[in-house]
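Novice: Give me a model of this one.
(6 chains)
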6 protein chains.
Amino acid sequence: MEEYVKENRNENMQKYLEKAQVLIEALPYIQRFNRKIIVVKYGGSAMVDESLKKRVIEDVTLLKLVGFKPIIVHGGGKEISKWVGKVGMEPQFINGLRVTDADTMEVAEMVLGKVNKSLVQMVEQLGVRAIGISGKDGALLKVDKKYAQGKDIGYVGEIKEVNAKILYDLLEKDFLPIVCPIGLDDAFQTYNINADDAACAIACAMNAEKLAFLTDIEGVYKDPEDPSTLISELWVEEAEKLMEEGYIEGGMLPKLRNCVDAIENGVSRVHILDGRIPHCLLLEIFTNRGIGTAILHGKESRYYHGEQ
Amino acid sequence: MEEYVKENRNENMQKYLEKAQVLIEALPYIQRFNRKIIVVKYGGSAMVDESLKKRVIEDVTLLKLVGFKPIIVHGGGKEISKWVGKVGMEPQFINGLRVTDADTMEVAEMVLGKVNKSLVQMVEQLGVRAIGISGKDGALLKVDKKYAQGKDIGYVGEIKEVNAKILYDLLEKDFLPIVCPIGLDDAFQTYNINADDAACAIACAMNAEKLAFLTDIEGVYKDPEDPSTLISELWVEEAEKLMEEGYIEGGMLPKLRNCVDAIENGVSRVHILDGRIPHCLLLEIFTNRGIGTAILHGKESRYYHGEQ
Amino acid sequence: MEEYVKENRNENMQKYLEKAQVLIEALPYIQRFNRKIIVVKYGGSAMVDESLKKRVIEDVTLLKLVGFKPIIVHGGGKEISKWVGKVGMEPQFINGLRVTDADTMEVAEMVLGKVNKSLVQMVEQLGVRAIGISGKDGALLKVDKKYAQGKDIGYVGEIKEVNAKILYDLLEKDFLPIVCPIGLDDAFQTYNINADDAACAIACAMNAEKLAFLTDIEGVYKDPEDPSTLISELWVEEAEKLMEEGYIEGGMLPKLRNCVDAIENGVSRVHILDGRIPHCLLLEIFTNRGIGTAILHGKESRYYHGEQ
Amino acid sequence: MEEYVKENRNENMQKYLEKAQVLIEALPYIQRFNRKIIVVKYGGSAMVDESLKKRVIEDVTLLKLVGFKPIIVHGGGKEISKWVGKVGMEPQFINGLRVTDADTMEVAEMVLGKVNKSLVQMVEQLGVRAIGISGKDGALLKVDKKYAQGKDIGYVGEIKEVNAKILYDLLEKDFLPIVCPIGLDDAFQTYNINADDAACAIACAMNAEKLAFLTDIEGVYKDPEDPSTLISELWVEEAEKLMEEGYIEGGMLPKLRNCVDAIENGVSRVHILDGRIPHCLLLEIFTNRGIGTAILHGKESRYYHGEQ
Amino acid sequence: MEEYVKENRNENMQKYLEKAQVLIEALPYIQRFNRKIIVVKYGGSAMVDESLKKRVIEDVTLLKLVGFKPIIVHGGGKEISKWVGKVGMEPQFINGLRVTDADTMEVAEMVLGKVNKSLVQMVEQLGVRAIGISGKDGALLKVDKKYAQGKDIGYVGEIKEVNAKILYDLLEKDFLPIVCPIGLDDAFQTYNINADDAACAIACAMNAEKLAFLTDIEGVYKDPEDPSTLISELWVEEAEKLMEEGYIEGGMLPKLRNCVDAIENGVSRVHILDGRIPHCLLLEIFTNRGIGTAILHGKESRYYHGEQ
Amino acid sequence: MEEYVKENRNENMQKYLEKAQVLIEALPYIQRFNRKIIVVKYGGSAMVDESLKKRVIEDVTLLKLVGFKPIIVHGGGKEISKWVGKVGMEPQFINGLRVTDADTMEVAEMVLGKVNKSLVQMVEQLGVRAIGISGKDGALLKVDKKYAQGKDIGYVGEIKEVNAKILYDLLEKDFLPIVCPIGLDDAFQTYNINADDAACAIACAMNAEKLAFLTDIEGVYKDPEDPSTLISELWVEEAEKLMEEGYIEGGMLPKLRNCVDAIENGVSRVHILDGRIPHCLLLEIFTNRGIGTAILHGKESRYYHGEQ
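Specialist: As a prediction, this is how the structure comes out:
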């Protein structure tokens, strides 16, 4: 009987030692990103599925606790449409484009605010100090009105200035900032901003070490029809060429555009990750498993020295 | 002709000199409240009327700019009811008491968030750094579930802890904090909090110099039927006695209770102001006009030395 | 009877509301000059008339309290002559120029010291922290001996170096510095300095936002004989031209020279104000009344955006 | 073929996800010990076996990187005896006790210094800032001469004062301090100190959250002959009683004495760990596996809330 | 010839080595008073004789440079009487006491101001940052009117409050503060203060390590007629007894009173030094030569451990 | 009898006054080097003779106490050879060059560590905070392997990087850093470094005001055979020329090379001092006696303005 216990105990011990080993393997990564700013654009499926949501928040909270400086930028996803319907509003279109009129803007802001505070709540529950802000707080995001091919599509803004000092001040006070993409124009009117754009602008303004987009696809494909053409690493020039040559289509086009802009404006690395994989952020940062597509400055490998 | 100009000019000059005089008269008040914390509970008519709203925000912004440390705590007023209706929800009642079920809580949080950011927006437009937070941010407000005479009325919380460090950190970074009264219980569930209670708890936790309630009445009356019985200053013991003897009724009873609690827990002075008077905050602070009712520690006058 | 009271009360209320309005109108100005350095050259009638003196000190103290960083530079005016006489000294002249011999220098320093501390006293009485220094303290003002057209006129110095660090250190400790224009040469001998020159040199060394001269005239006239030719704003090039073309005469010539030098060496705006108008400093800063003459960088208006 | 790859890939993915899970499980522990001081007494087998040595250093470095404030106190173990022999010295004994004469002290200091810097070297290689000091640096450890039952045993010291400011200053500059147990008496003579005593004194002086002894046994046994009597947690009063009643013998007696002293002088928890288990420190801190013996303040469990 | 040079050189070398030895002997003293506040009351002959004056200033400047925090408090000595005469004023007396009327006060302030800045000048010339202030600056010295046995003797004040924060702020900015003994009453009127009283009050308010009075006598005598009765050290109780028993007379009585008060209010040691001995301050502090009289807390020797 | 005492006393007084005079003469030097970094290479006889050793430590400690920022870099001198012999090791040679194999390196590191802490001990005894580090601590000194004319001479390193931040951090915490010349290569292996090279590299990395080599000779001679050709000051170009023209030989050649490199890389002045003269450091710094050879930027005199 005692033998059995002992054996069983040894078995457990083995399990524990493996755990210790995992933590030790994280050492070089923890060290590399110490005090570095990492902007995470959070949206898509990872925001709808409660289980995935919990994992994303766990990941970002862990990054904070081990000494990184993450900032979350999130969208409102399908919640906005749901609530627009709920209050009985009719979507408007101009030339086939959805228009953000004053009423839609009001609902969108309410929904984004709700989502924002629910993320704060989850981070706080994990014992980390979070603060949920929009681009209005401290006038973080100043915008110009955006037109779609000359058409007025309402309160949709294009970022012209990020007041990075606000985020530095909050980071200094040890907050994990969670930002929803709403901005102010020069007349201090409310505008909706594309969340990808907001994440990109913030990452650039703060010279982030990493900008990670949590998406609903595996990464960039050479041929979207063929999953085997997933591209693991992409230099800026290659990305430009792919876009020029028409390989990139649909929603990926503006996203890749953002990635390239970010690299060209001071962000060290940009990642398009599959938010449907649990803990994709941790996998990207703490393991040498190359998930998704990494967009890089020319002529470097996504693997740091000594890795692979 | 020139005479006329001269005269006219002198007339203007007279007007300007009077303006200068007003500024000079503000000197001792600016000095007295330098770096002092002033909590303003903002609600009622002052929140509905756009013109009054603008004036309240101007007042608080001025207080910030001349060196005070104001904090706004606001409610959502009639907006919440409006939106509850808009989404087609039926109010629930238990023994005649309105119940905050999960759906109502969701709408209330959205509306409070919207109001919160609209106040931020107005302060920013006046050139002052504001930040809008709820009791979730930094887990500022921790609550216990509140029961109404033993009845479960849903997600209504009673504050048990204010994480004052959060507000000190934001004040240190020169933000004007604007707080909406939502809290978290130990399981990190969302709860609605009475805005008066939140303002009172925050003022106590920060040892505020002043706590001012913007209300829809002139102040405390000995006889609510008789406007001539408005009480200008009230010592804590007098207030206790008035409450015991049944002079105070209706909504004024919990409010006066809050005032007394605040004085007994470290706030220097509490004011019940008539939010319908434009710039009532400035009038209270910068002039010797005794508006509303001041609740004081025993045996002192509401007028500082040399005033009256 | 009660009606009367009510009416009377309303009338008072009206008066109070107007006061509140004045304070609110000051908002944008308070904000614009927040933490900005403003050097005030204080002399002339405003220094002799006790009532005007009180008003100047009130003005500067208010500027300090609402967050500006004023520095006063003062002369000794007629007090020096008075005391030189009192101790029975004979003024000396060389080619018609008054000479500051050692004895005169001693009396001048004593009188300036007395004036200096009396200003400190007035500011302290208004509850603001002042410190009275001369150019000796911290070797603030280093001078070379100055000659008048080659003639030795004694201990009269020309500033060659301002140790701005001294003033920054005092401002950082929240003092309002009050400076009397005495300096040290390389052998650490005492020298008298023209107060206008000292104010100008200090404003330049500290990149002041404003330099204001309180004088005994309304401002710069195109024709000093004709008050209607008062110039409200003057660009540096215009000022240079006026001086070249001989429109500017007498004591105004070196003063305007100082103004132009200040603008060319880092001061944003220079003002020649009529110190005989009570609260002229507040009028200049807090209202859109253009008093005196403003000397500006080319091609801008003295009115800020949105004003006038 | 592709199927195989996919399967294989999924298998890897599973492995990666398990790794992520381990990291996530560390979250509450990282959070609990954030900025807490943890003193590790490092000696015994863990210091001889190169592979164990590497693991101990990895553990401590990880603790540093995730935000704890570890301090290592180490002995010289068998290296001292080795070198004493190498230089041809004869050990001296008085009444059977080894004597630290001047020559032995010199060799001991040299060996401890060598061990000290070799630990620094290993930590630096892992990318963390280490500094190796003895009790001489900053006069960290002041001692009195220690006698063994009245006998003079040479330069052996008993700590009478820890200059904690030195360690706080080094922690503030983000160093991981590695301390060797040498001290100075009032005449600034060199003394050897027992490493357990040094670790205990330092942990007390710094109010450490944890003091962990890496030893060559599994923990405290009720009956040293019977491994099944290993005690998992021990309250101070129980430990006192065990010692009084003679259950504890040999080298464990002074060690347990140290543990109890530490708890009574401000250390929150003390652990006797089996240094022969790789990563025993991480196992103790990051898992709910109760390894070794925990000495606690009375009436609490070694498991924190929600654990076990 | 070369021999001669060599010899001569050796002789010089000897001289230099002796110099080095003196510096080395200063080591323990420099260390003991590092960052300690030392208040020096400067007056009497040491203030009249230019050569002595230079030496006092050199001494204090050296103290500053080697890391002490000296503060000079000075009187105006005979200069005031001289200038009162110079401007033709008649001294007034009430019951044989000199009266400080408004005119006398004005002259006294001017003279003290002049003396103050001349000391600043000398310190600056030695390359140390000095600042000359009176009790008006920062309202450093608040006084009550003082009466001489019930008689009104004009603007003579008794210190009731020292705003020590002012001096701490100036010390923090590395100034050597030089204070002249003028104060303000509650109505902000100017008052003259006895310089000994001012030095004593300031030393107490700052918990000075030392308070040194530079006087015109060798120290305290048991029998003023007999120089051989000079007392080298005096405990507080002894001093009290000497005063009670009538051994102390004339100007020494209030001075000794001040010394005792200082010791009883937080000053560690008080010294009555003979300002006529050049460098008496350095001799007292840097050598074990006991000059003057040291007033001490009971039962300690004026010599520190290891000295004498 | 009393006369005698008096006379004797006066004689003593004279001696004391001379001491005071010496301190006063140090004033300008103390002031000039306030907060300046001074690197002292300590080795040779000054390290062997206990009496000289004491004097060097006294000198450096005094420099620290009067406000300079000294850093000591020391070698191990003859101690290393002594211990290599003691443990019975045979020195190895390759082409006549001594080889630092692993065993030699181990002994060297132990000896250097012992010397290092003995210096710390002496400084601490004088009451100053010292810390003894090697180039391993904080990875202060990173090296490349050095070859002697292509031959492998073992673990001898050439500095390629000084992590100056480490020393700045320690200076900021008021430590006197004492550094022994051991470094790490990229694989974190231990290497021995020439102490002169280490002192030079550190002085350059910290832009030291002075770098002083304590040597066993008087200075640089034009003709080493003729002591009368000692060179008092040497401009960089002159030194280069002397080296080119072959005047400099033996051990002086690399030392002078170091001096020139230091001057060309940011050190203001370099001194070759005769460590056999007691207090040579103080003599060089506090007197105008030109001892040893000063290496200077071109065209300046070793004497500062006003000296000599």
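
Novice: Identify the residue nearest the residue nearest to the spatial centre of chain A in space, chain neighbours excluded?
Specialist: Nearest to the mean C-alpha position of chain A, by Cα atoms, centre = their mean, lies A:Lys41 at 1.5 Å. Closest residue to A:Lys41 apart from its sequence neighbours, by Cβ to Cβ, 6 or more residues apart in numbering or on different chains: A:Ala199 at 3.6 Å. C-beta: built from backbone N, CA, C; applies to glycine.

Novice: Could you pull up the mean pLDDT of the helix or strand hosting that neighbour?
Specialist: Per DSSP states H and E: A:Ala199 is located in helix A:195-205. Taken as a whole, helix A:195-205 carries a mean pLDDT of 97.

Novice: Just after that helix, pick out the following helix or strand.
Specialist: For helix A:195-205, the following helix or strand on the C-terminal side (DSSP H and E) is strand A:210-215.

Novice: Tell me if that following strand is near chain D.
Specialist: No. Judged by Cβ under 8 Å from any Cβ of the partner chain, strand A:210-215 stays clear of chain D, getting no closer than 14.6 Å.

Novice: Direction included, what does that strand pair up with?
Specialist: Each strand paired with strand A:210-215, and its direction, by DSSP bridges: strand A:37-42 (parallel), strand A:269-274 (parallel).

Novice: how about the residues of chain A that lie near chain B?
Specialist: Residues of chain A lying near chain B by Cβ under 8 Å from any Cβ: A:83, A:86-88, A:106, A:109-111, A:113-114, A:116-117, A:120-122, A:124-125, A:129-134, A:136-139, A:166, A:169-170, A:172-173, A:175, A:182, A:184, A:188, A:190.

Novice: Just send the strands paired with strand A:210-215 back as a markdown table, with mean pLDDT too.
Specialist: Formatted as a markdown table, those follow (pLDDT from 0 to 100):
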| stretch | mean pLDDT |
| --- | --- |
| strand A:37-42 | 97 |
| strand A:269-274 | 95 |
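
Novice: Contacts only, for A:Ala212.
Specialist: A:Ile38, A:Val39, A:Val40, A:Lys41, A:Val270, A:His271, A:Leu273, A:Leu281, A:Glu284 (Cβ atoms under 8 Å, 6 or more residues apart in numbering or on different chains).

Novice: My guess is the first one contacts A:Leu63. True?
Specialist: Yes. The pair A:Ile38 and A:Leu63 passes the contact test of Cβ atoms under 8 Å, sitting 6.3 Å apart.

Novice: And chain A, what are its domain boundaries?
Specialist: For chain A, automatic domain parsing gives the domain ranges A:36-49+A:67-208, A:214-308.

Novice: Look through the stretch 151-300 of chain A and state the residue closest to chain D.
Specialist: Ranking the residues of the stretch 151-300 of chain A by distance to chain D (Cβ to the nearest Cβ) places A:His279 first, at 3.6 Å.

Novice: isn't that residue right next to A:Glu58, touching?
Specialist: Yes. Under the criterion of Cβ under 8 Å, A:His279 makes contact with A:Glu58 at 7.5 Å.

Novice: Find residues that contact each of these two.
Specialist: Here A:His279 and A:Glu58 have D:Ile24 as joint contacts, going by Cβ under 8 Å, 6+ apart.

Novice: Please point out which parts of the longest strand seen in chain A sit buried.
Specialist: For chain A, the strand with the greatest residue count under DSSP state E is strand A:151-162. Residues A:Ile153, A:Gly154, A:Tyr155, A:Val156, A:Gly157, A:Glu158, A:Ile159, A:Val162 are the ones in strand A:151-162 that count as buried (16 or more other Cβ atoms under 10 Å in any protein chain shown).

Novice: would a markdown table of the contacts of A:Ala212 with distance to F:Glu25 be doable?
Specialist: Putting these into a markdown table (distance: Cβ to Cβ, whole Å) gives the following:
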| residue | distance to F:Glu25 |
| --- | --- |
| A:Ile38 | 60 |
| A:Val39 | 62 |
| A:Val40 | 66 |
| A:Lys41 | 69 |
| A:Val270 | 66 |
| A:His271 | 67 |
| A:Leu273 | 71 |
| A:Leu281 | 67 |
| A:Glu284 | 67 |
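
Novice: neighbours around the residue nearest to A:Asn163 when sequence neighbours are not counted, how many?
Specialist: Distances taken as Cβ to Cβ, 6+ apart place A:Leu140 nearest to A:Asn163, at 5.2 Å, with adjacent residues excluded. Residues near A:Leu140, counting by other Cβ atoms under 10 Å in any protein chain shown, number 28.

Novice: Next up, the contacts around A:Leu140.
Specialist: Neighbour list for A:Leu140: A:Ile133, A:Ser134, A:Val162, A:Asn163, A:Ile166, A:Leu167, A:Val179, A:Gly183 [criterion: Cβ under 8 Å, 6+ apart].

Novice: CSV for those, including secondary structure and pLDDT?
Specialist: Converted to CSV, the contacts of A:Leu140 look like this (DSSP: H, G, I helix; E, B strand; the rest coil; pLDDT from 0 to 100):
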residue, secondary structure, pLDDT
A:Ile133, strand, 98
A:Ser134, strand, 98
A:Val162, strand, 98
A:Asn163, coil, 98
A:Ile166, helix, 98
A:Leu167, helix, 98
A:Val179, strand, 98
A:Gly183, strand, 98
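
Novice: quick one on the thing from earlier: closest one to chain E out of the buried residues of strand A:151-162, please.
Specialist: Nearest to chain E out of the buried residues of strand A:151-162 is A:Val162 (Cβ to the nearest Cβ; 36.7 Å).

Novice: Now that closest one. Nearest residue, chain neighbours left out?
Specialist: Leaving aside its chain neighbours, A:Val162 sits nearest to A:Ala205 (3.7 Å; criterion: Cβ to Cβ, 6+ apart).

Novice: re earlier: going through the residues of chain A next to chain B, which ones are buried?
Specialist: Burial by neighbour count, 16+ other Cβ under 10 Å: within those this picks out A:83, A:106, A:109-111, A:113-114, A:116-117, A:120-122, A:124-125, A:129-134, A:136-139, A:166, A:169-170, A:173, A:175, A:182, A:184, A:190.

Novice: from the residues you listed, which ones fall inside strands?
Specialist: A:Ala130, A:Ile131, A:Gly132, A:Ile133, A:Ser134, A:Ile182, A:Leu184, A:Thr190.
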